[in-house]
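> what's the 3D shape of this:
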Amino acid sequence: MDSYKNFVGLGVAGNFALHLEQAGESADFKDVLTEDPNGPKGVFPFYVPGRGGQLGVYPISSDTILLPKEACNVQPEPEVALICDLEYDAQGKVVRIAPKAFGAYNDCSLRKEGAPKISVKKNWGPMTKGLSETLIPIDRFEEGGIMDRYRIASFLRREGMLMRYGEDVELSGYSYFYGKLIGWLQNQIRTQADFGPLEAVGDYLKGAECPKEAIISIGATRYTHFGETNFLQEGDEVIVVVYDNNLYCMNPILSLANKGELFGKEGISPLVQKVVRG
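Numbers count the residues shown, from 1 in each chain. Alright, predicted model coming up:
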């Protein structure tokens, strides 16, 4: 899946209530002060085209998650990703983020205590992130638009058994969404400093010659008890589904996932990834 090699990859940390606590990452942000204690904590990069080091390694796959060679807990993070156009001013600062499509995304993460930056846990090589090949066009990124109707669910298939991994939630359950999210993102990218687990993302974009497009994952949803307490193993299958709640409800989505029949359906953005050992 090489379609996005020229896109910058960014993620939003802490945009769904209680996820950071479930993931054991709330302590990482203890020194990060935010104007809104219930809002997101920051923006992190997971891929910067042309950049040296690990962040320059293209990590996106639509069908595979590659476990690291070293022993480490790895956990899927079911999310929605926005495909966005970016515009900059003469100084190379982002002045406009325009979402144009959305879909199922897996912000798969290493669970490492004491990692110096969020990005260290987000990209450990090729095939470490997941994006559905079925993206849904956005009519308008505001209340009353198509995304009002959509929900996200996730599952893990292990040894033939399908378990719910994340809670089934509506997209409007994100702490920041629509205009509030875009305004926050634009300001955060322009002003975020290299501090604690965060990095100066705006400088990274400028150094990458101001990429015109981005994949922005807007935050992981809450886990079920199974999801919170089970990490990936070789042979698992991770399933993230973004679906139109006007066309489907939870049990039909579970049935389609169990039968492997999520693809090619109206109103569904499916992501199914096999977990393999590096």
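
> which residues sit against the lengthiest helix in the chain?
When the chain is parsed with DSSP state H, its longest helix is helix 178-191. By Cβ atoms under 8 Å, 6 or more residues apart in numbering, the list of residues contacting helix 178-191 from outside reads 10, 12, 15, 39-40, 42-43, 93-97, 99, 141-143, 174, 176, 201-202, 205, 216, 218. Glycine gets a C-beta too; all of them are placed from N, C-alpha and C.

> Just the ones of these in helices?
201-202, 205.

> Redo those residues as JSON lines? Include distance to N187.
JSON lines is the format used below for the ones in helices among the contacts of helix 178-191 (distance: Cβ to Cβ, whole Å):
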{"residue": "V201", "distance to N187": "12"}
{"residue": "G202", "distance to N187": "10"}
{"residue": "L205", "distance to N187": "14"}
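
> Tell me the one of those residues nearest N6?
Nearest to N6 among these is L205, at 12.7 Å by Cβ to Cβ.

> I'd guessed that closest one sits against V94; true?
Yes. Using Cβ atoms under 8 Å, L205 makes contact with V94 at a distance of 6.7 Å.

> List the residues that are in contact with both of the two.
Between them, L205 and V94 share the contacting residues 86, 88, 189, judged by Cβ under 8 Å, 6+ apart.

> what's the distance between the first one and V241?
Taking Cβ to Cβ, to the nearest Å as the criterion, L86 is separated from V241 by 28 Å.

> Those two: which has the busier surroundings?
V241 (26 against 21; other Cβ atoms under 10 Å).

> I figured the more buried one was touching Y150, is that so?
No. Proximity of V241 to Y150 does not meet the contact threshold set by Cβ under 8 Å, at 10.2 Å.

> how near is the closest residue to P40 other than its chain neighbours to L181?
Once flanking residues are discounted, P40 sits nearest to N15: 4.4 Å by Cβ to Cβ, 6 or more residues apart in numbering. Counting by Cβ to Cβ, the gap from N15 to L181 is 8 Å.
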